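# Okay, here's the prediction I keep looking at, along with the sequence it came from:
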Amino acid sequence: MSRPSNPDRPKAPLFETDRLYSQAGSDDAFRFDAAVARVFPDMIRRSVPGYTTIIPMIGIITDRFAQNGSHCYDLGCSLGASTLAMRHGVGDRDCRIIGVDNASDMIERCQHFIALDDHPAPVSLHCDDILDTPLSDASVTTLNFTLQFVEPDERLPLLRRIFEATRPGGALILSEKIRAEDEAEQQLQTDLHHDFKRANGYSDLEISQKRSALEQVLIPETLATHRERLEQAGFDTVIVWYQCFSFISLLAVRSQ
Ligand SMILES: C[S@@+](CC[C@H](N)C(=O)[O-])C[C@H]1O[C@@H](n2cnc3c(N)ncnc32)[C@H](O)[C@@H]1O
Ligand SMILES: O=C(O)C(=O)C[C@]1(C(=O)O)C=C[C@@H](O)C=C1
């Protein structure tokens, strides 16, 4: 028996293979545009060590911290991988999942991915700058590899707003690419990351062109800077729950 066709199902393939940096001469700064949105699931899985572990764990962490009647925010949601993990993590609690991204090409495609999923928790998607998005009544907020793209001066004000919006007992999941304090460690972590990309089929040209494109756009900071800033924002428990090479994820809890 054939399945009824879903009108929300996109006609084009859900995503393509990332070959964006495979030809010499791409010297523009990295942007989350239509070309990136088309290949994003493939790009992030092959570029971020641990991404395929972090996504389901966001669901596990959400399950622990989600509160009835609250909002769960996914800030910088891209195509909604972390949004969907949160949606499933809330289970049958009465939560609204709110995904925000300022790249319209991402949000448009994200709508399709959300529509393909049939979990009953409501999801709202907003094409908006996370620096301007109103936040309230949050139990879980996720910044999964998003803060690294925000201007460093804007990071503390954003984390303060997230903290103020978080209910006691709520949490923030913050995943970031970090910079090591020590030069030798930084070099080794970078080499290992590039080995990971090579093992996933990226050429040396793709690796070096993407690296240049990200230079002024993705600004990594040290783990100590992230910890101190989360504490300054008000979070009282800050733990590293995941690390693979330079890619880490922190859990920050507001106890009161
Ligand atoms: C690496 S991707 C996030 C991946 C996604 N969270 C996931 O788990 O698949 C970073 C996203 O943050 C978005 N972004 C960066 N700065 C932003 C801002 N100021 N406001 C809203 N979205 C932003 C980008 O458009 C991009 O889609
Ligand atoms: O650091 C790199 O080389 C990356 O490709 C990382 C990274 C990220 O951490 O967001 C950069 C841009 C894309 O969003 C996918 C992956």
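Received the coordinates, thanks. Ligands and ions are numbered 1, 2, ... in the order given.

# buried residues in stretch 240-250?
242, 244-250 (16 or more other CB atoms under 10 Å). (Each C-beta comes from the backbone N, C-alpha and C, glycine too.)

# Mind checking the pLDDT average for that stretch?
Per-residue confidence for stretch 240-250 averages out to 98 on the pLDDT scale.

# just checking, Phe16 is part of a helix?
One thing to correct before we go on: residue 16 is Glu, not Phe. No. Note on Glu16: no helix contains this position according to DSSP: H, G, I helix; E, B strand; the rest coil, which reports coil.

# and Ser47, how far is that from Phe245?
11 Å (CB to CB, to the nearest Å).

# which residues of the stretch 151-256 of the chain fall in helices?
Taking DSSP state H, counting those that start in this stretch as the test, the helices found in the stretch 151-256 of the chain are 152-165, 183-199, 204-214, 223-233.

# Say whether ligand 2 is contacted by the second one.
No. Looking at helix 183-199 against ligand 2 by CB under 6 Å from any ligand atom, there are no contacts, and the closest approach is 6.8 Å.

# which parts of the chain sit against ligand 1?
Taking CB under 6 Å from any ligand atom, the part of the chain that reaches ligand 1 is made up of 32, 44, 76-78, 81-82, 100-103, 106, 129-131, 144-146, 149-150.

# 5 Å - rerun?
32, 76, 78, 81-82, 101-103, 106, 129-130, 144-146, 149 (CB under 5 Å from any ligand atom).

# which among these end up buried?
If you count burial by 16+ other CB under 10 Å, the buried members of the residues of the chain next to ligand 1 come out as 32, 76, 78, 81-82, 101-103, 106, 130, 144-146.

# which residue packs closest to Thr133, ignoring adjacent ones?
Val100 (5.0 Å; CB to CB, 6 or more residues apart in numbering).

# and that neighbour, what are its phi and psi?
Dihedral angles of Val100 (phi, psi; degrees, to the nearest 10) stand at phi -130, psi 130.

# The stretch 51-200 of the chain against ligand 2: which residues are in contact?
The stretch 51-200 of the chain has residues 145, 177 near ligand 2, with proximity defined as CB under 5 Å from any ligand atom.

# distance of the residue of the stretch 51-200 of the chain found nearest ligand 2 from Arg93?
As assessed by CB to the nearest ligand atom, ligand 2 sits closest to Phe145 within the stretch 51-200 of the chain, at 4.3 Å. The span separating Phe145 from Arg93 equals 26 Å under the rule CB to CB.

# before we move on, what about Leu188?
Taking CB to CB as the measure, Leu188 falls 43 Å from Arg93.

# Likewise for Glu176?
On the measure of CB to CB, Glu176 and Arg93 end up 28 Å apart.

# repeat for Arg227
As judged by CB to CB, Arg227 and Arg93 stand 29 Å apart.

# Would you map the helices across the stretch 1-150 of the chain?
Ranges of helices in the stretch 1-150 of the chain, per DSSP H, counting those that start in this stretch, are 34-47, 51-65, 81-89, 104-115.

# what about those helices, which gets the closest to Gly234?
Between Gly234 and those, the shortest gap by CB to CB is with helix 51-65, which sits at 15.9 Å.
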